[in-house]
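Engineer: give me the fold of what follows.
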Amino acid sequence: MNNTTTSFGLYETFRILVPGFYFATLLFFFVVALFPHFGINIAQGEQTVLLFICLAIVSGLTMYAKETTKRRKAFQENQPSAFLVNKARTMSKIQPLEDSEAQRLYFYMLNNFMPAVFHEKIFFFGTVYHIMILVRRTSFWFAVASAAAIAILVSMGTNLNEQQLLTTFTVIVWVVYLLNVRYNKADRKMQENYRDQIFWLEMNNDLVEQLLRKRRPS
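Structural biologist: Have a look, this model is predicted:
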């Protein structure tokens, strides 16, 4: 139990810090590449480092709190709790199971009956899924913003040769975004993880039916 708690805290920390650090890093290079064209010098020193750390933590916490990744199709589809809802509908002399009840029952089974390896897989692939989706979204918006900045500077008379740093930054961020979309391992692994859990539920049908009847008697 202690190992599970430790793993959960560690993975949740990664879910906060990695997207926050990535956001702060892109913002730093974006500002460094853009501001000199407007005659603004970037401050250096301990204050900049402190600001970077604070920005990474705050942005990471903000993205973590919104939980937008859980609204994605790959996260919502084929959840084990939905399997329990459908299973209850096929059983005689049992009341229908609501989604919220199914989720609580699923977590009860996960914590008390499923092998420990499922916990590690859920923590690991859930963290990878969360990070990769946020990296993709952050890359996209910085790529759009930097491309728009290049267009604005060109309209102001600044040629592309004078924007080499900003142009390089834009290309790199677009490449990161496109590679993340092209090799979308996060969604696939999330669904594989769900299928493994559903298969375990199917192989332990007697236990599932017993707990369903105990949870929702006729």
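Engineer: mean confidence for the host helix or strand of residue 86?
Structural biologist: Using DSSP states H and E, residue 86 falls within helix 80-90. Per-region confidence: helix 80-90 scores 87 on mean pLDDT.
Engineer: run through the neighbouring helices and strands of it.
Structural biologist: Applying 3 or more CB pairs under 8 Å, 6 or more residues apart in numbering; DSSP states H and E, one finds that helix 80-90 makes contact with helix 99-112, helix 185-203, helix 205-215. No exception for glycine: its C-beta is placed from N, CA and C like everyone else's.
Engineer: now those as a markdown table including mean neighbour count and distance to residue 57?
Structural biologist: Converted to a markdown table, the helices and strands packed on helix 80-90 look like this (neighbours: other CB atoms under 10 Å; distance: least, CB to CB, whole Å):
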| stretch | mean neighbour count | distance to residue 57 |
| --- | --- | --- |
| helix 99-112 | 16 | 29 |
| helix 185-203 | 16 | 23 |
| helix 205-215 | 14 | 40 |
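Engineer: quick one: contacts for residue 170?
Structural biologist: The neighbours of residue 170, taking CB atoms under 8 Å, 6 or more residues apart in numbering as the test, are 143, 146, 147, 150.
Engineer: report how many residues lie close to the first one.
Structural biologist: With neighbours defined by other CB atoms under 10 Å, the count for residue 143 comes to 21.
Engineer: equivalent analysis for the third one, please.
Structural biologist: Using other CB under 10 Å, residue 147 has 16 other residues around it.
Engineer: let me know the helix or strand that it is in.
Structural biologist: Using DSSP H and E, residue 147 falls in helix 116-155.
Engineer: pull out the buried positions in that helix.
Structural biologist: Within helix 116-155, the residues that qualify as buried by neighbour count (16 or more other CB atoms under 10 Å) are 118-119, 121-123, 125-140, 142-143, 145-147, 149-150, 153.
Engineer: okay, now the unreliable bits of the chain?
Structural biologist: Scanning the chain for pLDDT under 70 picks out 1-6, 37-45, 68-75, 216-218.
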